[in-house]
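# What shape does this take:
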Amino acid sequence: MSAKTTPPLSRPIEIGRLPRGRAEVTVEASPEECAALARDFGIPAVRDLVGRFVLSGTSTRLTVTGTVEAVATQVCTVTLEPFESAVREPVDVVFSDAPPPDEEPEDGPPEGAPEPPDPIVNGRVDLGALTGEFLALGLDPYPRKPGVTFEPVASGPESGPFEALRRLRDEDA
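All right, here's what the predicted structure looks like:
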C-alpha cells in the first residue's frame, strides 16, 4: 500500500489532542469497511470487527496496547467449505516521531532485538489501519474447519521419488 492510498479501515488519531498520559480508544468497523477488508484479504467475509486500545506515552513516543476481535469467514483448505471462526489478536505497538534508522543490516535486525517503532506521521497514528493489520495477523493462513483432519495419501513401501529408478535397475539386471 502506498503512502497516498487510504486503507479500507482508517481512523486517524491526532496525538496532540489525546489526554496526557493515558487514553482509551475503540475502533468499530462498519459493514462496508468489513466487506472491503474481506476483499483485501481474499476471504468470504469479516464481521463484528472491533479494536480496543489503550494509548499511553507522549506526543513523540506512544505505546498502543489492546486487542482486535472479529468473526472471519474463511475457506477450509481441506474441504474447501466456508466456515466462521473468532479472531482475537493482542496488540502491543510503539509509535515514534523519531526518524527511522538510515540503514538496516542486510540480514535484518539481530535475533531478539526490539522491533523499531512505527512512525507517527504528521502528529497522527491510524488506529483503523492498525486494527486491519492485526486482524490480518490473527487470520489462520491455512484455515481448517473445526473437526476436519487432513489425511495424507498413504503410499506403499515401494513408492517414492526413486522407485522408477529402482525398477529400471531391476529390469536391467
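# When you work out contacts or count neighbours from here on, use the C-alpha atoms and nothing else.
OK.
# And the strand or helix carrying residue 49, what's buried?
Using DSSP states H and E, residue 49 maps to strand 45-57. Judged by neighbour count using 16 or more other Cα atoms under 10 Å, the buried positions of strand 45-57 are 45-47, 49-57.
# Wait, a helix at residue 134?
Yes - judged by DSSP: H, G, I helix; E, B strand; the rest coil, residue 134 forms part of a helix.
# of the buried residues of strand 45-57, closest to residue 165?
Of all the buried residues of strand 45-57, residue 165 sits closest to residue 45, with 48.6 Å by Cα to Cα.
# any chance you could map the strands in this structure?
Counting by DSSP state E, one finds strands in the chain at the ranges 12-14, 21-28, 45-57, 61-75, 82-96, 118-119, 124-126.
# picking that back up, mind putting the buried residues of strand 45-57 in CSV, distance to residue 123 and pLDDT included?
Shown next, in CSV, are the buried residues of strand 45-57 (distance: Cα to Cα, whole Å; pLDDT from 0 to 100):
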residue, distance to residue 123, pLDDT
45, 33, 96
46, 30, 97
47, 30, 96
49, 26, 97
50, 24, 98
51, 21, 97
52, 21, 98
53, 18, 97
54, 18, 96
55, 14, 95
56, 15, 93
57, 14, 89
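# What residues does the residue nearest to residue 24 when sequence neighbours are not counted make contact with?
Once flanking residues are discounted, residue 24 sits nearest to residue 54: 4.5 Å by Cα to Cα, 6 or more residues apart in numbering. Residues near residue 54 by Cα atoms under 8 Å, 6 or more residues apart in numbering: 22-25, 64-66.
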